[in-house]
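**Student:** Dropping the sequence and predicted coords here.
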Amino acid sequence: MSPEAMMVEFDAQIVPILKRLGLPSPDLDVELCETPAVVAYKAWREFPVRYPHWSSGKRLEFLEDAAKKPFLFFDIRGVPGRMTWLPISRSRALACFTWLHTRIHHAFTESNIAYQNAFLRITPEQVRDHARCVRALVNQYGLDVIEHTISSAHKVRRQWGLDVAPEGGILSILKDPALNPRMPSWRRDILQMVEDEWPLIAADEYLSLCDEGFTMWAQMKVLHELIFPAENAVDISRIIAQLLMLPQNPMVGIRPHLVGFWMFASVEARFGSAECLAVAQNCLDDSDFVRAYLTQDVAEQCGLGTASGTKISRGNLVVNELPDDPQEFQIIKEVLAQNIGRERHPKIRILGVDGDGTLSLEHIFEGKYLNQRIAMDHIVPDIADLWGNPVTLRFRDLQKAPQRQGEPIRGWIEVEETADPATGDIVRKTLGDFHPFTQDQPRLPGM
C-alpha cells in the first residue's frame with residue numbers, strides 16, 4: 001500500500017470517531033513529494049518559516065539539514081500554520097499518530113472562540129497575499145534584511161499583548177509617517193502585515209496548554225476505539241509514554257501535553273466529556289484555564305513543585321513534594337498562571353515622543369521579576385532600529401527586599417535605560433530608591 005493510500009485509509013477510520021466526539025473533520029489534501037518541494041511550500045505558504053517563533057513551525061535550515069528523503073505531507077485547507085510533513089521512512093504508528101494529532105489541532109482551531117475571532121480579522125487569502133508580498137520584498141532587498149525586519153516587528157509586537165487596539169500599539173507609532181518619516185514604505189508594509197496577522201499568532205501562543213492538552217485528551221479517546229496490529233500498538237504506546245512522562249529535570253516548566261492532558265482528564269471525571277468540549281471552545285487564555293481547572297490532584301500527577309522556594313522565572317518551578325495546605329497550593333496555581341498565556345509577557349506603554357525624536361516607553365512587569373537583559377539586549381534595540389532614533393525605556397520592576405520575620409517585602413524601583421541605534425550603546429540609570437508596598441499603596445502607582 002502506498003503512503004498516500006495508507007493515510008487515506010487511516011483517515012477514513014478516524015473521521016467517524018471524531019464526528020461522534022463533536023469535532024469538525026474537513027477534507028485533507030494528501031501528496032507525496034520530494035524534500036525541495038516541501039521546503040519551498042513551507043517557506044512561502046504559511047507562517048512558521050517566515051515567523052520562526054510560531055510554536056508549530058520548524059526552521060527552514062532544520063528542514064534543509066534534516067530532511068533527506070521524500071516527504072508525505074498533508075495540508076488542512078484554509079488554515080495557516082496547520083501543516084504536517086512525514087518522512088516516508090517513519091513507522092506507520094508515528095505517521096498515524098501525527099496525522100491524528102494534527103487533525104485534532106485543526107478541530108480545536110475550528111471551534112475555539114479565540115481562533116474564530118482571529119479569523120474574523122485576518123483570512124487565509126490575506127495571509128497568502130502577505131506571503132507573496134514578502135517573497136517580492138526578499139527578491140528586491142534580500143532575505144537577511146526582510147527576515148530581520150519581520151523578526152524585530154514580531155518581538156516588539158509581542159510585548160503589547162492582544163488587548164491593545166492596533167491604533168494604540170507600538171507598531172502604529174513606529175510606522176506613522178508623521179512621527180517616523182524616514183521609515184521606508186516597504187518596512188511600513190511589513191509592520192502592517194505583522195499587526196494584521198498578530199491575532200492568529202497570539203491565539204497560538206496564548207492557548208498552547210489548552211490546545212495541546214485538549215488534542216492529547218481527544219487523541220486518547222480516538223486511539224482507544226481503534227484497532228492496530230500488535231507492532232503498531234507497541235509503537236503508539238511508546239510515543240504516548242514519552243509525551244506523558246514526568247519530567248526528569250528538577251527545574252521544569254509546564255509541559256503542555258502532560259499538564260493539559262491531565263487537566264482535561266480531570267474535567268471529564270468531574271463534569272463529563274461535554275464540559276471538555278465546552279472548555280476547548282470557550283477558552284481564551286491559558287492563564288484562565290489554569291486558574292479555573294488546575295487541581296491539586298493534577299499538580300501531583302504532573303510533578304509540579306511547591307510554593308516555598310519557588311523560582312518565578314518564565315514558568316520554571318522547583319519540583320518538590322506538594323504541600324497539603326490548600327492555601328499553599330493556590331500560591332502554586334497563581335505562579336503557574338502568571339507564567340503562561342498572555343500574562344507571561346511584560347506590559348509596555350508609550351509615554352510619548354520628545355522634541356529630539358526620542359521615543360519614551362514604560363515597561364511594566366507585575367507579579368514577577370523583569371528580565372532586563374532580554375529587554376535591553378533584544379526588545380529595545382529592535383524598537384530603536386525600526387524607529388530610527390534613540391529609545392528610552394523606563395522599568396517599573398517588582399522586587400523583593402530582605403525578609404522580615406520570614407516574609408519578603410514587595411515593592412518597586414524605577415530604572416531608565418536608553419539605546420542609541422547609531423552606536424548600540426545602552427546607558428542605565430536608576431531613578432530613586434526601592435519603594436516597598438504598603439496597605440495604602442499595594443500596587444504600582446498608576447495601576
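**Tutor:** Received it, and whenever you're ready, just let me know what you need.

**Student:** What residues sit buried inside stretch 212-225?
**Tutor:** Neighbour counts over stretch 212-225 (16 or more other C-beta atoms under 10 Å) mark 212-219, 221-223 as buried. Yep, even glycine has a C-beta here, placed from its N, CA and C like the rest.

**Student:** Among those residues, which one lies nearest to V298?
**Tutor:** G213 (10.3 Å; C-beta to C-beta).

**Student:** Could you report the distance from the closest one to Q219?
**Tutor:** Between G213 and Q219 the computed distance is 11 Å (C-beta to C-beta, to the nearest Å).

**Student:** Now do the SS call for E205.
**Tutor:** What DSSP: H, G, I helix; E, B strand; the rest coil gives for E205 is helix.

**Student:** can you count the residues close to it?
**Tutor:** 20 (other C-beta atoms under 10 Å).

**Student:** do the same with L277
**Tutor:** So L277, with other C-beta under 10 Å, has 20 neighbours.

**Student:** Could you pull up the contacting residues of it?
**Tutor:** Neighbouring residues of L277 by C-beta atoms under 8 Å, 6 or more residues apart in numbering: 21-22, 111.

**Student:** From the residues you listed, pick the one nearest A178.
**Tutor:** Proximity of the contacts of L277 to A178 (C-beta to C-beta) peaks at S111, which lies at 42.5 Å.

**Student:** The closest one contacts A280, doesn't it?
**Tutor:** Yes - using C-beta atoms under 8 Å, S111 is in contact with A280, at 6.6 Å.

**Student:** quick one: which of the two has more around it?
**Tutor:** Ranked by neighbour count (other C-beta under 10 Å), S111 and A280 place A280 first, with 27 against 18.

**Student:** Now that one: which helix or strand?
**Tutor:** Using DSSP states H and E, A280 sits within helix 273-282.

**Student:** Buried ones in that helix, by neighbour count?
**Tutor:** Residues of helix 273-282 classed as buried by neighbour count (16+ other C-beta under 10 Å): 273, 276-277, 279-281.

**Student:** quick one: the next helix or strand after that helix to helix 273-282, angle?
**Tutor:** Going down the chain from helix 273-282, the next helix or strand is helix 286-293, by DSSP H and E. Following axes from the mean of the first three to the mean of the last three C-alpha atoms, to 10 degrees, one obtains 160 degrees for the angle between helix 286-293 and helix 273-282.

**Student:** ok, how many other residues are close to I201?
**Tutor:** 23.

**Student:** what helices or strands is the host helix or strand of H101 leaning on?
**Tutor:** Taking DSSP H and E as the definition, H101 sits inside helix 92-111. Secondary-structure packing of helix 92-111 (3 or more C-beta pairs under 8 Å, 6 or more residues apart in numbering; DSSP states H and E): helix 3-20, strand 71-76, strand 83-87, helix 208-225, helix 230-243, helix 273-282.

**Student:** for the record, mean pLDDT for that helix?
**Tutor:** Summarised as a single mean, pLDDT over helix 92-111 is 86.

**Student:** Put the alpha carbons of it into CSV.
**Tutor:** Only the C-alpha atoms of helix 92-111 are listed here, as CSV (Å, rounded to 0.1, in the frame of the first residue of the first chain):
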residue,chain,number,x,y,z
ARG,A,92,3.1,3.6,10.3
ALA,A,93,2.4,4.1,14.0
LEU,A,94,4.2,7.5,14.1
ALA,A,95,2.7,8.6,10.9
CYS,A,96,-0.8,7.8,12.1
PHE,A,97,-0.2,9.4,15.5
THR,A,98,1.0,12.6,13.9
TRP,A,99,-1.9,12.6,11.4
LEU,A,100,-4.5,12.3,14.1
HIS,A,101,-2.7,14.8,16.3
THR,A,102,-2.9,17.5,13.6
ARG,A,103,-6.5,16.6,12.8
ILE,A,104,-7.5,17.4,16.3
HIS,A,105,-5.4,20.5,16.4
HIS,A,106,-7.4,21.7,13.4
ALA,A,107,-10.6,20.8,15.1
PHE,A,108,-9.6,22.9,18.1
THR,A,109,-8.9,26.0,15.9
GLU,A,110,-12.2,25.4,14.1
SER,A,111,-14.2,25.5,17.3
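
**Student:** downstream neighbour of that helix in the secondary structure list?
**Tutor:** Once helix 92-111 ends, the next helix or strand along the chain (criterion: DSSP H and E) is helix 113-121.

**Student:** got a list of contacts for that next one?
**Tutor:** Helix 113-121 has contacts (C-beta under 8 Å, 6+ apart) with 108-109, 196, 199-200, 202-203, 206-207, 281-285.

**Student:** Next, the buried residues of it.
**Tutor:** 114-115, 118-119.

**Student:** which of those residues lies closest to E9?
**Tutor:** Nearest to E9 out of the buried residues of helix 113-121 is Y115 (C-beta to C-beta; 29.4 Å).
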